[in-house]
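1. this is a predicted model, with the sequence first.
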Amino acid sequence: MSSDDPRNDYDVEHYTLDLTVVPENVEIGGQVTIALRAVAALEEIVLDAAPTLSIESARSTSGAAEVAPLGAEQVSVRLAAPLAAGARDTLVVRYEAHPVLTSLGEPFFSTHGSGTDSFPVIANLSEPDFAHTWWPCKDALGDKATGEMIMTAPSAYVACSNGLRISRIDNGDGTTTTRWRTRYPMVAYNVSIALSNYAEWSDPYHSAVTGFDFPVQNFAFPEDSVDAREDLSIAPEAIAVFESRFGPYPYATDSLGVEKYGHAEVDWNAAQENQTMTSYGNYFITGNHSADVILAHELAHQWFGNLISPATWPDIWLNEGFATYGEALFRESRGRIAGYLDHMTHRRYVPTEFEHGTVVDPDFLFDPVMVYSKGAWVLHMLRGVFRAEHGAEEGDSRFFALLHRYANDPGLVYGSATTTQFIEHASAEAGSDLGWFFGPWLYGTGRPALHWSWSRSAVAGGDVVRLHLEQAQSGPDYPHGVPSPGAPEFFPMPWEVRLHGTGGDSAVVHVRQDARVQDLELGAAFTVDRVSIDPDQWVLGDITFETAPSASMLAAVWPNVSGGPTSIRYSVGAGRRADVAVFAVTGRRVRTLVEGDDRPGWHVVEWDGRDGNGRHAAGGVYFVRLADGHRAEAKKLVLIRR
């Protein structure tokens, strides 16, 4: 919400939705009671209400209120009497709604089964801001409220929602009224209803962390109930995994009481992590556990997304990247580190799919590559950074301490967080500023293309390995602006290097690449005949081993349009001596950068835009030329002067 958003003038404390569902009319109607506190003095309350709603009346404590459209998606509710800052009020809005689709295009009203066994299903999917398509509310991040959901429907329907079921009453007229309530604050998009002729059962869960017992309450279509009992039976196992990693299940506490976790089957090819009650698409019900990681993903959202929600939608990776990473942790709980690494490997994508867009403030809010997979890979790589700097055991301990402390930060729980706040947590756990890591990976585009080579020299007691590392990609670019001063123009990363010896010896060394091009020397107490980099794939990079060049060549000039330093990559062939110089378009030599280089292999030299006398060269077109006595080639560059 922007600072001038009139919805900032009040804070919702509690919603009561008292709804009547009329499936044959594809209709929801009733009233919403909104308990609120004025943040500033106000005469009107702005609610989100889509054209699918018809508001009949509104009344506050002071009397009848006047309702008027405010654009296409909001209404203004003018109070009978002004409300002072800090004062509390209750607004009752009567309305009728005919919602058609959910936010992801799934049907709000649908059916399951076939023929005479078919039966309607009514369910919402409101993320990011579709709650106001079926009930008038403050459909915005940053304002969480407790809730009570009262649903009256034909008696054949079982109605489920967030929190605890308080009652189910037969009205004696062919309808039943079901009341659910949650004492835990939630954002509007997490308010959930799901109604059908559900089969219902519960699996018990005992928390080894808190000692609390609570049910995993499941609702499935009758024809799917056998398969659903099998598939959903893993939920207690998954809760135990995440409690051990993230901390106690957020909706079972001494202060606010013990609520359930649950699933409601819906007629979608999707799932939605509504608080304490995930809407679970029938596409995932197979009876063979093929969607176990989907169940784990939605469960992980109870911590990341529901307990701590994103402060802004550009921070959506704090929901989806974290929940996707939860899939890998669930796999690790079953298959140890090998299962974890296998899952993350399957979350890799071809390089071109990472070239455009960023994890934070993505072009598409629910981008499966940038937000879900690359977001999860950022956490995976962060774990790799901790392991590289502290060893595998200590590194894992620190990394999981980070996730636990973040998920239990008293200033964030039952509220919201920004990416910056998570970075601050990570840097505190690391004991140093991790901007060098998060800057390129979260706010930049692309990923590293590492070109590397090695050579060895025998010394007393073993070998010296000379390692050449070079990131050949042009990025990262920062399409939304540089996240901090001095943000890296490459991807600084620790790399795991494995040295293998002729006699079966081996050694693991972690090296920190803190320059785009870097040459390092590593010692080994044996004769080295093979070297590998990042064999377990802790870095989302494309790694290419380069053999020693047979000829001198000019490989790259980057950036080739520049107002600052320009890097020139070249090779020297065996037995050759290479010169590299900058020439003006007239053929005049502006500056010699390399003279008589006889080192076989790949090298990089930088031109700072000055001539041989140290003066700034004029802006314009220049050529970089390499010559070694046998061949010569040139590449163009443009120097910009402002």
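-> Okay, I see it. Numbers count the residues shown, from 1 in each chain.
2. burial count for the closest residue to Leu639 other than its chain neighbours?
-> Using CB to CB, 6 or more residues apart in numbering and skipping the chain neighbours, the partner closest in space to Leu639 is Gly619 (5.3 Å). Quick note: C-beta positions are derived from backbone N, CA and C, even for glycine. As a burial measure, Gly619 scores 13 neighbours (other CB atoms under 10 Å).
3. next up, the contacts around Gly619.
-> The contact partners of Gly619, taken as CB atoms under 8 Å, 6 or more residues apart in numbering, are Leu639, Ile640, Arg641.
4. can you give me the strands in the stretch 1-150 of the chain?
-> Taking DSSP state E, counting those that start in this stretch as the test, the strands found in the stretch 1-150 of the chain are 10-22, 27-38, 42-48, 53-60, 63-70, 74-83, 88-97, 109-112, 119-123, 145-154.
5. thinking again about what came up before, between the contacts of Gly619, which has the most around it?
-> Of the contacts of Gly619, with other CB under 10 Å as the count, Leu639 tops at 20 neighbours.
6. my guess is that residue meets Asp608, correct?
-> No. Using CB atoms under 8 Å, Leu639 is not in contact with Asp608; the gap is 10.6 Å.
7. which parts of the chain belong to which domain?
-> Under the assignment automatic domain parsing, the domains of the chain span 1-197, 449-545, 553-639.
8. if we can go back for a sec, which one of the contacts of Gly619 is nearest to Glu394?
-> Using CB to CB, Ile640 comes nearest to Glu394 of these, at 47.5 Å.
9. gap between the closest one and Asp514?
-> Using CB to CB, to the nearest Å, Ile640 is found at 27 Å from Asp514.
10. same check, this time on Pro136
-> Applying CB to CB to Pro136 and Asp514 gives a distance of 54 Å.
11. higher neighbour count, those two?
-> Counted by other CB under 10 Å, Pro136 and Asp514 do not tie: Pro136 has more neighbours, with 26 against 12.
12. show me what contacts that one?
-> By CB under 8 Å, 6+ apart, the residues touching Pro136 are Val32, Leu47, Asp48, Ala49, Leu53, Ile55, Val75, Val93, Tyr95.
13. quick one: the residue nearest to the fifth one when sequence neighbours are not counted from Trp134, how far?
-> With CB to CB, 6+ apart as the measure, Ala97 is the residue that lies nearest to Leu53, at 4.9 Å, once sequence neighbours are left out. In this view, Ala97 and Trp134 are 5 Å apart by CB to CB.
14. flag the shaky bits of this protein, pLDDT-wise.
-> 1-3, 350-355, 548-549, 642 (pLDDT under 70).
15. how about a cut-off of 50?
-> Residues of the chain that meet the criterion pLDDT under 50 lie in 1-2.
16. and the helices in it, which stretches?
-> Taking DSSP state H, the helices of the chain run over residues 225-232, 235-246, 292-300, 317-346, 374-390, 392-407, 419-430, 435-438.
17. can you redo those as CSV with distance to Asn560 and mean neighbour count?
-> What follows is the helices of the chain, written out as CSV (distance: least, CB to CB, whole Å; neighbours: other CB atoms under 10 Å):
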stretch, distance to Asn560, mean neighbour count
helix 225-232, 55, 19
helix 235-246, 47, 20
helix 292-300, 43, 23
helix 317-346, 33, 20
helix 374-390, 28, 23
helix 392-407, 40, 17
helix 419-430, 33, 18
helix 435-438, 26, 20
